[in-house]
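Q: sequence-free structure coming up:
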């Protein structure tokens, strides 16, 4: 595209944006109620009150397994679009931007500052249309500190993703990934030690 064409082009028109009908799956007042609960009763709870935070998430429709540990600094956009299986955990400052479903398998650890992003925009259209893409994270996965997971990603069972990595493609089970974008750097070795 020539410079003059670029100057005349209309790339984005935020005023033309409108979200897909019903994407929240709950009325606005319900979303506001969750926002208030999350920033008070949830966020102000002491770190060890995992059962309390599990209960709050379940009250708003999350499907939370047994002994799941969600720290008080976790931010969840829509709890009714969150599934966490048994013994999984999310550390402080994890963002669950679940405009679409985010499902986390059992015994998975999501470390601090990780961002799970299940929505984006179509930058090829001036209306900047919202695109909803679910994320599935398998069992026995470790997302190390500061990982960013793009919309529509599937992370296989047993995967390790190194700190500050950006996941832009589906990850195969039992492998180690790192980098921006995340690339395979090895196989996860099994230990005989289960203590």
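A: It's in. Values in this document were obtained by computation on a predicted structure and should not be read as measured data.
Q: what strand or helix carries the most centrally placed residue in the chain?
A: Geometric centre of the chain, nearest residue: residue 116, 2.3 Å, by CA atoms, centre = their mean. Here residue 116, judged by DSSP states H and E, is contained in strand 115-117.
Q: average pLDDT for that strand?
A: In this model, strand 115-117 has a mean pLDDT of 98.
Q: and that strand, what does it pack against?
A: strand 95-97, strand 135-137, strand 148-149 (3 or more CB pairs under 8 Å, 6 or more residues apart in numbering; DSSP states H and E). Quick note: C-beta positions are derived from backbone N, CA and C, even for glycine.
Q: mind checking these for the one nearest to residue 85?
A: strand 135-137 (9.9 Å; CB to CB).
Q: so what does the closest one touch, helix or strand wise?
A: strand 102-104, strand 115-117, strand 154-155.
Q: so what touches whichever helix or strand comes after the last one?
A: If I follow you right, that is strand 154-155. Next helix or strand after strand 154-155 toward the C-terminus (DSSP H and E): strand 160-161. For strand 160-161, contacts defined as CB atoms under 8 Å, 6 or more residues apart in numbering pick out 141-144, 147, 155, 167, 171, 175-178, 182, 188.
Q: how does it look with 7 Å?
A: When contacts are defined by CB atoms under 7 Å, 6 or more residues apart in numbering, strand 160-161 is touched by residues 142-144, 147, 167, 176-178, 182, 188.
Q: and what of stretch 47-64?
A: With CB under 7 Å, 6+ apart as the criterion, stretch 47-64 contacts 34, 37, 41-42, 45, 68-72, 79-80, 82-84.
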